[in-house]
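Novice: generate coordinates for the sequence data below:
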Amino acid sequence: MADSPEYVPPKVWTWTQPSGGHFASINRPIAGPTHDKELPVGRHPLQLYSLGTPNGVKVTILLEELLALGHTGAEYDAWLINIRDGDQFGSGFVGVNPNSKIPALLDRSGPEPIRVFESGSILLYLAEKFGAFIPKDIQGRTETLNWLFWQMGSAPYLGGGFGHFYAYAPTKIEYAIDRFAMEVKRQLDVLDRRLAESEYLAGNDYTIADIAVFPWYGGLAKGWQYGAAEFLSVQDYKHVQRWANTILARPAVRRGRMVNRMSGEPSEQLRERHDPSDFETKTQDKIEANQS
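Specialist: Residues are numbered from 1 along each chain as shown. Coordinates of the predicted model:
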């Protein structure tokens, strides 16, 4: 490992300057809003405030899957929260999610609005609200929740750990990349071993566990996460590849991946979603064509 200057932590840490890196402009050691800004509200009971990151995509995939099953109450407005611009620190958003992270959901279908934050909590809330994508028997439900909480606990090693140091940190630190690459490959092996014995994570049925894990580890397996497919030899995880291909073939998954997306092909970006017809008429390529 290359030598680097030794860092000696001070007795008391203080925030003196941004740490650098991809998201330095929005990182800070305190919570709460930085500015007053009300959230927009559309015509549907479910109001989603999000961005097309893996955590955001979990929710839009589930909503599209629920609609595909015929749950009309799952119609939703998806509003774009641009985290690079600091939208998550507006007072309205902080009121829905005091942690200032996407996604955040406001369910206005009842007498009083219900706020739901943390992607895993949103998945569980919607699955229980509509009685879909979560088994009713105790064994199947528990196995689904096992893998849902596995994802919530494991993904920080993939995103905040490996992804940060491999793709976003201002300098490449060999120790940090090696440490988190080892953990991500261990996690891929956990998934591969499970999927060698089961079609989906919780058994033979597609559940919110698969919906939670797919945007992170399926994205890694299919090469769109951090550009790290070759580095991590993701082709070696044959059962993860099979599972990812199966999920990616679902039309609702393809639609869900488009919502609140700001990168990639313009034809695959639906930055806001308010009606099913938006997938045909309001993708970014069509908006840009109308503006020219």
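
Novice: scan this structure for its longest helix.
Specialist: As assigned by DSSP state H, the longest helix anywhere in the chain is helix 174-197.

Novice: how about residues contacting it?
Specialist: Under the contact criterion CB atoms under 8 Å, 6 or more residues apart in numbering, helix 174-197 has outside partners 1-2, 147, 150, 154, 157-158, 161-162, 165-166, 169, 201, 213, 217, 220-221, 231-234, 237-240, 242-243. Quick note: C-beta positions are derived from backbone N, CA and C, even for glycine.

Novice: can you give me the buried ones in it?
Specialist: Neighbour counts over helix 174-197 (16 or more other CB atoms under 10 Å) mark 176, 177, 180, 181, 184, 185, 187, 188, 191, 192, 194, 195 as buried.

Novice: pLDDT score assigned to the fourth one?
Specialist: Just to be clear, that refers to residue 181. Listed pLDDT for residue 181 reads 98.

Novice: quick one, strands of the protein?
Specialist: With strands called from DSSP state E, the chain shows them at 46-50, 76-80, 104-107, 114-117.

Novice: quick one: mean pLDDT over the second one.
Specialist: Predicted confidence along strand 76-80 averages 98 (mean pLDDT).

Novice: what does stretch 131-148 give?
Specialist: Averaged over stretch 131-148, pLDDT sits at 98.

Novice: quick check, central residue of this protein?
Specialist: residue 55 (1.3 Å; CA atoms, centre = their mean).

Novice: quick check, pLDDT for residue 23.
Specialist: pLDDT at residue 23 comes out at 66.

Novice: follow-up on the earlier one: among the strands of the chain, which comes closest to residue 278?
Specialist: Proximity to residue 278 (CB to CB) singles out strand 76-80 among the strands of the chain, at 9.1 Å.

Novice: remind me what that closest one packs against, helices and strands.
Specialist: Applying 3 or more CB pairs under 8 Å, 6 or more residues apart in numbering; DSSP states H and E, one finds that strand 76-80 contacts strand 46-50.

Novice: strand partners of the strand it packs on, parallel vs antiparallel please.
Specialist: The strands beside strand 46-50 in its sheet (DSSP bridges) come out as strand 76-80 (parallel), strand 104-107 (antiparallel).

Novice: so which of these gets nearest residue 267?
Specialist: Here strand 76-80 is closest among the strands paired with strand 46-50 (CB to CB), at 17.3 Å.

Novice: what sits up against the closest one?
Specialist: Contact with strand 76-80 is made by 39-51, 60, 63, 87, 259-260, 262, 271-274, as judged by CB under 8 Å, 6+ apart.

Novice: now that strand, how far from the centre of its chain.
Specialist: Averaging C-alpha positions (CA atoms, centre = their mean, to the nearest Å) puts strand 76-80 15 Å from its chain's average.

Novice: may I see the buried residues of it?
Specialist: The neighbour-count criterion (16+ other CB under 10 Å) identifies 76, 77, 78, 79, 80 as the buried residues of strand 76-80.

Novice: what's the nearest residue to the first one if we skip its chain neighbours?
Specialist: Pointing back at residue 76 there. The shortest distance from residue 76 to any non-neighbouring residue, by CB to CB, 6 or more residues apart in numbering, is to residue 46 (3.9 Å).

Novice: please apply the same query to residue 254.
Specialist: Nearest residue to residue 254, sequence neighbours excluded (CB to CB, 6+ apart): residue 248, at 7.4 Å.

Novice: and the pLDDT for that neighbour?
Specialist: pLDDT, read off for residue 248, is 98.

Novice: quick one, what contacts it?
Specialist: The contact partners of residue 248, taken as CB under 8 Å, 6+ apart, are 214, 218, 222, 254.

Novice: where does the stretch 1-150 of the chain have low pLDDT?
Specialist: Applying pLDDT under 70 to the stretch 1-150 of the chain flags the ranges 1-4, 17-25.

Novice: with just CA atoms, put stretch 90-109 into PDB.
Specialist: Presented in PDB, the C-alpha positions along stretch 90-109 are these (Å, rounded to 0.1, in the frame of the first residue of the first chain):
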ATOM      1  CA  GLY A  90     -36.000  23.100   2.300                       C
ATOM      2  CA  SER A  91     -38.400  23.500   5.300                       C
ATOM      3  CA  GLY A  92     -41.200  21.600   3.600                       C
ATOM      4  CA  PHE A  93     -39.000  18.600   2.900                       C
ATOM      5  CA  VAL A  94     -37.500  18.600   6.300                       C
ATOM      6  CA  GLY A  95     -41.100  18.600   7.700                       C
ATOM      7  CA  VAL A  96     -41.700  15.200   5.900                       C
ATOM      8  CA  ASN A  97     -38.200  13.800   6.600                       C
ATOM      9  CA  PRO A  98     -36.200  15.400   9.400                       C
ATOM     10  CA  ASN A  99     -33.200  13.400   8.200                       C
ATOM     11  CA  SER A 100     -33.100  15.400   4.900                       C
ATOM     12  CA  LYS A 101     -32.700  12.300   2.700                       C
ATOM     13  CA  ILE A 102     -34.700  11.100  -0.200                       C
ATOM     14  CA  PRO A 103     -37.100   9.400  -0.600                       C
ATOM     15  CA  ALA A 104     -40.000  10.900   1.400                       C
ATOM     16  CA  LEU A 105     -43.700  10.000   1.100                       C
ATOM     17  CA  LEU A 106     -46.800  11.900   2.200                       C
ATOM     18  CA  ASP A 107     -50.000   9.900   2.200                       C
ATOM     19  CA  ARG A 108     -52.900  12.200   2.000                       C
ATOM     20  CA  SER A 109     -55.600   9.600   1.600                       C
END
